[in-house]
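Engineer: below are the sequence and a predicted model for it; my questions follow.
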Amino acid sequence: MLSGGRTRLTVLLASLGLLLWLLLSAKSSELGSNHSANIPQTKSKVNQIQAQQPLNNTSKLDPKNLRLTHSECLHHFPSLFAPITKTTQFYKTHGGVDYTDITRIYSLLRGPSNHPAFQVHVAIIANKLYIKEYRPSHPNINRALLILDHLNRIISVSPQPLSDVEFVINISDQGGEELAGPVFSLAREVGNNVAWLMPDFGFNAWPEVGVLSYDVLRDQVEDIEARVKAGSVTKEDKLFWRGAPMHFAERKEALELATNAWADIKELRWSCLSTPEKPECKGLTDHKTIPNHCLYKYLLQTEGYTYSGRFKYLLTCNSINIIRVPPPFKKNLPTTMESLLKNVTLQKLVRDNSWTLLRNRYLTPSATACYWRHLINEYASVMNFKASLNLVRTDSDSPRVGAAGTGKAAPYESFVVMQKVDWNLN
């Protein structure tokens, strides 16, 4: 994946909050005694890079194992938990999380559409997930359902008791604003110390864009890479990208370079996929599935609003990933590509490092489960209240009905069918 040199103002590697930090400022404990960095850094041309040895990962890890103990999680993923530690330390020095911090969020609205500051209020008690509030007005509410499904599976197979907690979740791209307080978020702006970064919904699935299951996607990619290794499939020796330019400079500049022999870069308009016959859709429907991205040697990662939903998917491919293109992007992308195409040793080094450290380690279902459980326990360590199934009254004159008239939160199994918290017996 080749990426532009611009730094985002929002830090969003929420989905495993460490990823860019891990890639771009590798720690010596991850690399072994003989290596000073895991991903080569560019100056002006790729062939100026001092190549290093591939990363070694001697630990045996089942990437699908969701039952790792806390000590096993720390062993396999020592760099995974930095965002959690930072937020925990902030709350320890600022009085912790009070129940009033949670109830106050109920009255907050955010953004021009006045969406609630959260979409779900959950409680985890005795290793069981309950839903205390559900606000489905957000246009991407499926994200909340995917997060809850994922979280429920991770909780249900935990090999150790989890701390009892309750927290609220915001599913917006920009995450919970600092004003909102201790919200579990997909993103947070630089300087926001109060939001808790959580893994994004795409580690479960993203059906709207064709990722029906993250586990299945990983299996599909592994099959493609095995066929490449066996020689029955050959990867295109090109830089690949599909997407909408919107107002992002690097995307527009990349499209201007699409005529180069090393480029397979095209605009994609999602709304045209169902109506390709329309004149305005001509040339805008060349869609490729994520597994088919892996049939290219080089993958371009461009800037977005906050975090990148596709980034983790591209990193499941055994393709060229992090090679920073120094600014100005349009001028230096061609020289970077021309140098990279000639440097077979560097190509293999970067692919192998990414495949070992990211695809088969930090981006595994095992890692996500470890992150979630550590997040829950650390959040609990700064809670100043006891988690309960009692519902927050949104109207002081109207008592809550609760799940099946109980006045209490809905167990996940009932919520997933009813998709609401309050209902009476029929």
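Structural biologist: Sure thing, it's come through.

Engineer: ok, Leu145 - how many residues close by?
Structural biologist: By other C-beta atoms under 10 Å, 19 other residues sit near Leu145. Heads up, the C-betas are built off the backbone N, CA and C, glycines and all.

Engineer: next secondary structure after the helix or strand that contains it?
Structural biologist: In this assignment (DSSP states H and E), Leu145 forms part of helix 142-156. Later in the chain than helix 142-156, the nearest helix or strand by DSSP H and E is strand 165-170.

Engineer: tell me the angle of that next one relative to helix 142-156?
Structural biologist: If you take axes from the mean of the first three to the mean of the last three C-alpha atoms, to 10 degrees, strand 165-170 sits at 160 degrees to helix 142-156.

Engineer: can you tell me what sits against strand 165-170?
Structural biologist: Here strand 165-170 makes contact (C-beta atoms under 8 Å, 6 or more residues apart in numbering) with 102, 105, 117-124, 132-133, 144, 147, 176, 180, 182-186, 195-196, 198, 376, 379-380, 383, 387-388.

Engineer: now swap in stretch 412-422 and tell me
Structural biologist: So stretch 412-422 is in contact with 128-134, 136, 145, 148-149, 152, 391, 400-404, 409-410, going by C-beta under 8 Å, 6+ apart.

Engineer: still on that earlier bit, so of the contacts of strand 165-170, which ones are in helices?
Structural biologist: 102, 105, 144, 147, 376, 379-380 (DSSP state H).

Engineer: can you put those in TSV and add neighbour count, distance to Lys266 and pLDDT?
Structural biologist: Shown next, in TSV, are the ones in helices among the contacts of strand 165-170 (neighbours: other C-beta atoms under 10 Å; distance: C-beta to C-beta, whole Å; pLDDT from 0 to 100):
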residue	neighbour count	distance to Lys266	pLDDT
Ile102	22	46	96
Ile105	22	42	93
Ala144	22	32	98
Ile147	25	32	99
Ile376	23	42	99
Tyr379	23	43	99
Ala380	17	48	99
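
Engineer: now for these: which two are most distant?
Structural biologist: Pairwise distances across those (C-beta to C-beta) peak at 21.4 Å, for the pair Ala144 and Ala380.

Engineer: what's the domain layout of the protein?
Structural biologist: Residue ranges for the domains of the chain, per automatic domain parsing: 2-67+208-364, 79-205+368-418.

Engineer: least reliable of those by average pLDDT, please.
Structural biologist: The minimum mean pLDDT among the domains of the chain belongs to domain 2-67+208-364 (a mean of 80).

Engineer: which residues of the protein fall in helices?
Structural biologist: With DSSP H as the definition, the chain shows helices at residue ranges 19-24, 28-31, 70-76, 82-92, 99-105, 142-156, 214-230, 249-256, 290-293, 311-314, 329-342, 344-354, 365-380, 412-418.

Engineer: tell me the contacts of the closest residue to His150 other than its chain neighbours?
Structural biologist: Using C-beta to C-beta, 6 or more residues apart in numbering and skipping residues adjacent in sequence, the residue nearest His150 is Asn204, 3.8 Å away. Counting by C-beta under 8 Å, 6+ apart, Asn204 touches 146-147, 149-150, 213-214.

Engineer: let's see that with 10 Å instead.
Structural biologist: Asn204 sits next to 143, 145-151, 153-154, 211, 213-215, 365, 368 when contact means C-beta atoms under 10 Å, 6 or more residues apart in numbering.

Engineer: could you flag which of these are buried?
Structural biologist: Buried positions within the contacts of Asn204, assessed by neighbour count (16 or more other C-beta atoms under 10 Å), are 143, 145-151, 154, 211, 214, 365, 368.

Engineer: between the contacts of Asn204, which is closest to Pro328?
Structural biologist: Nearest to Pro328 among the contacts of Asn204, with distances taken as C-beta to C-beta, is Val211, at 33.3 Å.

Engineer: before we move on, back to that, dump the helices of the chain into a markdown table; add distance to Lys60 as well.
Structural biologist: Output for the helices of the chain, formatted as a markdown table (distance: least, C-beta to C-beta, whole Å):
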| stretch | distance to Lys60 |
| --- | --- |
| helix 19-24 | 21 |
| helix 28-31 | 17 |
| helix 70-76 | 9 |
| helix 82-92 | 24 |
| helix 99-105 | 41 |
| helix 142-156 | 21 |
| helix 214-230 | 17 |
| helix 249-256 | 39 |
| helix 290-293 | 26 |
| helix 311-314 | 23 |
| helix 329-342 | 33 |
| helix 344-354 | 18 |
| helix 365-380 | 12 |
| helix 412-418 | 33 |
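
Engineer: of all these, which lies closest to Leu300?
Structural biologist: Between those, helix 249-256 lies closest to Leu300; by C-beta to C-beta that is 6.2 Å.

Engineer: now the closest one, how far from the centre of its chain.
Structural biologist: In this view, helix 249-256 has its centroid 24 Å away from the chain centroid, taken as C-alpha atoms, centre = their mean, to the nearest Å.

Engineer: now it against helix 329-342, angle please.
Structural biologist: Put simply, helix 249-256 runs at 60 degrees to helix 329-342, going by the same axes, to 10 degrees.

Engineer: flag every buried residue along helix 249-256.
Structural biologist: 249-251, 253-255.

Engineer: give me the contacts around it.
Structural biologist: 2-6, 239, 241, 243-246, 248, 263, 265-267, 300-304, 325, 327-331, 333.

Engineer: and if we set it to 6 Å?
Structural biologist: Residues outside helix 249-256 that contact it (C-beta atoms under 6 Å, 6 or more residues apart in numbering): 4, 241, 245, 265, 302-303, 329-330.

Engineer: quick one: which of those residues is most hemmed in?
Structural biologist: Trp241 leads the contacts of helix 249-256 on contacts (other C-beta under 10 Å) with 26 neighbours.

Engineer: that one and Asp264 touch, don't they?
Structural biologist: No. Counting by C-beta atoms under 6 Å, Trp241 sits too far from Asp264 to count as a contact (7.7 Å).

Engineer: correct me if wrong: Lys239 contacts Ala263.
Structural biologist: Residue 239: Leu, not Lys. Yes. At 5.4 Å, Leu239 and Ala263 qualify as touching, with contact defined as C-beta under 6 Å.

Engineer: between those two, which is the more surrounded one?
Structural biologist: For Leu239 and Ala263, the more surrounded residue by other C-beta under 10 Å is Leu239, and the numbers stand at 27 against 20.

Engineer: for that one, give the beta-bridge partners.
Structural biologist: When bridges are called by DSSP bridges, Leu239 pairs up with Ala263, Tyr298.
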